[in-house]
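Participant: Quick one, fold the following:
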Amino acid sequence: MRILITGGCGFVGANLARHFLTGGHEVILLDNLARRGSEYNVEDLTRLGARFVHGDVRCVEDLAPLPRVDAICETSAQPSAIDGYANPLYDLSNNTFGLLNVLEKARRDDAVLVFWSTNKVYSGDRVNAIPVREAATRWEWDAASKYRARGFSFEKGISDQFDVDGGQHSIYGLSKICADLICQEWADAFGVRTVVNRFSCLAGPGQFGKSAQGWVAWWVIAFHFGLPLVYIGWQGKQVRDALFTPDINRLVELEIKHIDRAAGQVFNIGGGMSCCVSLQEMTAWCEKRFGAKVPVRIEPTPRKADHAVYITDASKAEKLLGWRPQVGLDEGLEQICAWVDREHDRLARLYGK
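Facilitator: Model prediction:
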């Protein structure tokens, strides 16, 4: 099978590329290398047999010369939920208009298209309307409140049936919900075999994390190099469920393999209740793992559109595809630690150490 991965030298794209190359597939990587660190993946992936094309999904001319493919993993994006407020057109041009060009490539080739959406399609106002109670190290949904909403349960979390209306998505989230709906429309109107994954917090080796995006890897990197951290709002007790790269790769392979079941579907995907963590808890884990502390600054005001608690109900993927997360929090974090140790010299150049 010939697979095109857009944003193929970024964190998710590069891990997918390694997975598919190991499986004997032909892989084409399209990337504009705008994200620092992605340039390091070019040499590594081409050595494994991938074909790299320096191009941009916003440019039809960059997609036109590519050969016909069987599947496209659309992982290209401006991924930060806070940067878009300064330049909303940049988010929309990358994450929405660029997706249109990739969809038309999938339509011409009769290819499967797997699209990277996000939990930020769900309004901060709607998610934060779920009552919470404050525990010692995290905020928790308050089941005693008897709150009810379509697509939400205290036992499982937030499913794809949760309401996407309202403001407070962030510009990034807005650009993704637009693209998300366009994928669904292209599936219905033109028969393009699209799959939309609304991912929660993704993490793993190869993630050049920073405070604005990729926070799980950033915590490990910060402790490795002794860099300062900051809690922005919620006293560092905001909670996310983490999903690690082996489970991401396995999901996408299943979606492509079983496209008869997955085509036209929207899935909420994350680590779920068993793999969620707060910022305070991540700090405590790293302090124990590294035997050291780093400076932590607290900013009282949350970021615009931030969620106090977000945990994914991924039961639809389990029902249709037999998929569920297998990598636990400790195992996933140790994989990141091992990668940071191996890549110390490269990362030192990126993080100024």
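Participant: Outside of whichever helix or strand Ala179 is part of itself, list whatever touches it.
Facilitator: For Ala179, the enclosing helix or strand under DSSP states H and E is helix 170-190. Surrounding helix 170-190, the residues in contact under the criterion Cβ atoms under 8 Å, 6 or more residues apart in numbering are 77-85, 88, 91-92, 94-96, 99-100, 103, 107, 113, 115, 117-118, 120-122, 124, 164, 169, 192-194, 196, 198, 263-264, 266, 304-305. (Glycine included, C-beta is placed from N, CA and C.)
Participant: could you pull out the strands for the stretch 101-250 of the chain?
Facilitator: Counting by DSSP state E, counting those that start in this stretch, the segments of the stretch 101-250 of the chain that form strands are 112-118, 132-134, 139-141, 152-153, 157-158, 194-199, 201-203, 229-232, 239-244.
Participant: Serialize those to a markdown table and add fields for mean pLDDT and mean neighbour count.
Facilitator: Written out in a markdown table, the entries for those read as follows (pLDDT from 0 to 100; neighbours: other Cβ atoms under 10 Å):
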| stretch | mean pLDDT | mean neighbour count |
| --- | --- | --- |
| strand 112-118 | 96 | 26 |
| strand 132-134 | 97 | 15 |
| strand 139-141 | 98 | 19 |
| strand 152-153 | 98 | 18 |
| strand 157-158 | 98 | 26 |
| strand 194-199 | 98 | 26 |
| strand 201-203 | 96 | 25 |
| strand 229-232 | 95 | 18 |
| strand 239-244 | 98 | 25 |
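Participant: so can I have JSON lines of those strands showing distance to Ile298?
Facilitator: Supplementary listing: the strands of the stretch 101-250 of the chain in JSON lines, determined by distance: least, Cβ to Cβ, whole Å:
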{"stretch": "strand 112-118", "distance to Ile298": "26"}
{"stretch": "strand 132-134", "distance to Ile298": "15"}
{"stretch": "strand 139-141", "distance to Ile298": "15"}
{"stretch": "strand 152-153", "distance to Ile298": "29"}
{"stretch": "strand 157-158", "distance to Ile298": "27"}
{"stretch": "strand 194-199", "distance to Ile298": "28"}
{"stretch": "strand 201-203", "distance to Ile298": "21"}
{"stretch": "strand 229-232", "distance to Ile298": "5"}
{"stretch": "strand 239-244", "distance to Ile298": "17"}
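Participant: Against Leu350, how distant is Leu92?
Facilitator: 28 Å (Cβ to Cβ, to the nearest Å).
Participant: So those two - more neighbours on which side?
Facilitator: Between Leu92 and Leu350, counted using other Cβ atoms under 10 Å, the more crowded position is Leu92 (19 against 14).
Participant: and the more buried one, what helix or strand is that in?
Facilitator: Here Leu92, judged by DSSP H and E, is contained in helix 88-92.
Participant: again, but for Leu66
Facilitator: Using DSSP H and E, Leu66 sits within no helix or strand.
Participant: quick one: it and Leu4 touch, right?
Facilitator: Yes: look at Leu66 against Leu4 with Cβ atoms under 8 Å: they come within range, at 6.6 Å.
Participant: Now for the two: what residues contact both?
Facilitator: Both Leu66 and Leu4 are contacted by Ile28, Leu30, Lys105, under the criterion Cβ under 8 Å, 6+ apart.
Participant: Distance check, the first one against Ala17.
Facilitator: Here the distance between Ile28 and Ala17 works out to 9 Å (Cβ to Cβ).
Participant: shared neighbours, those two?
Facilitator: When contacts are counted by Cβ under 8 Å, 6+ apart, Ile28 and Ala17 are jointly contacted by Ile5, Gly8, Ala50.
Participant: name the helices or strands packed onto the helix or strand in which the first one is found?
Facilitator: When elements are assigned from DSSP H and E, Ile5 belongs to strand 2-6. When contacts are defined as 3 or more Cβ pairs under 8 Å, 6 or more residues apart in numbering; DSSP states H and E, strand 2-6 sits against helix 11-22, strand 26-31, strand 71-74.
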